[in-house]
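>>> sequence and predicted structure, then a few things I'm wondering about:
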Amino acid sequence: MAIIMKPKQSKQSAEDFIKGAPDAAKSEVVIKGVTLGKQSQISFAMPPELLVKVDETARKLSISRAAFMKMAITRAVQHEMQG
């Protein structure tokens with residue numbers, strides 16, 4: 001009796017198989033940037049004068065620059081979604 005070893009299957013090939021199923025959800029959203037946990041890190045440029053105002057406002061609110069920018073962007077997106 002011969003011993004036959006199962007072929008190695010990578011986790012990726014199993015995920016590709018599942019994604020290829022006819023009833024698999026198709027994701028149209030492509031997220032750019034570096035994923036860090038549940039967030040994506042992005043990079044963009046802004047005029048130095050605006051960055052100074054962002055930092056001053058964040059300091060007045062006792063929050064970080066990143067927290068202020070997330071808050072401002074969230075508000076802008078919500079405003080646009082409301083029409």
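Looks like it came in fine.
>>> residue 58 touches residue 72, doesn't it?
No: between residue 58 and residue 72 there is no contact under Cβ atoms under 8 Å: 9.5 Å. C-beta coordinates here come from the backbone N, C-alpha and C atoms, glycine included.
>>> who has more neighbours, these two?
residue 58 (18 against 13; other Cβ atoms under 10 Å).
>>> which element is the residue positioned nearest the centre of the chain on?
By Cα atoms, centre = their mean, the chain has its centre lying nearest to residue 40, at 3.4 Å. Taking DSSP states H and E as the criterion, residue 40 maps to strand 39-41.
>>> partners of that strand in the sheet?
Here strand 39-41 has these sheet partners by DSSP bridges: strand 34-36 (antiparallel).
>>> next one: the partner strand to chain centre, how far?
6 Å (Cα atoms, centre = their mean, to the nearest Å).
>>> now do stretch 62-82
Centre-to-centre, stretch 62-82 and its host chain are 16 Å apart (Cα atoms, centre = their mean).
>>> and it, what's its mean pLDDT?
In this model, stretch 62-82 has a mean pLDDT of 95.
>>> what is the longest helix of this structure by residue count?
As assigned by DSSP state H, the longest helix anywhere in the chain is helix 65-82.
>>> list the buried ones in that one?
Using 16 or more other Cβ atoms under 10 Å as the test for burial, helix 65-82 gives residue 68.
>>> next one: stretch 49-65
For stretch 49-65, by 16+ other Cβ under 10 Å, it's residue 58.
>>> can you tell me what sits against it?
46, 67, 68, 69, 71 (Cβ atoms under 8 Å, 6 or more residues apart in numbering).
>>> okay if I get those as JSON lines plus distance to residue 33?
What follows is those, written out as JSON lines (distance: Cβ to Cβ, whole Å):
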{"residue": "46", "distance to residue 33": "17"}
{"residue": "67", "distance to residue 33": "18"}
{"residue": "68", "distance to residue 33": "19"}
{"residue": "69", "distance to residue 33": "14"}
{"residue": "71", "distance to residue 33": "19"}
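>>> and which of those is nearest residue 81?
Closest to residue 81 out of the contacts of stretch 49-65 is residue 71 (15.8 Å), distances taken as Cβ to Cβ.
>>> nearest spatial neighbour of the closest one, chain-adjacent residues omitted?
Leaving aside its chain neighbours, residue 71 sits nearest to residue 63 (7.6 Å; criterion: Cβ to Cβ, 6 or more residues apart in numbering).
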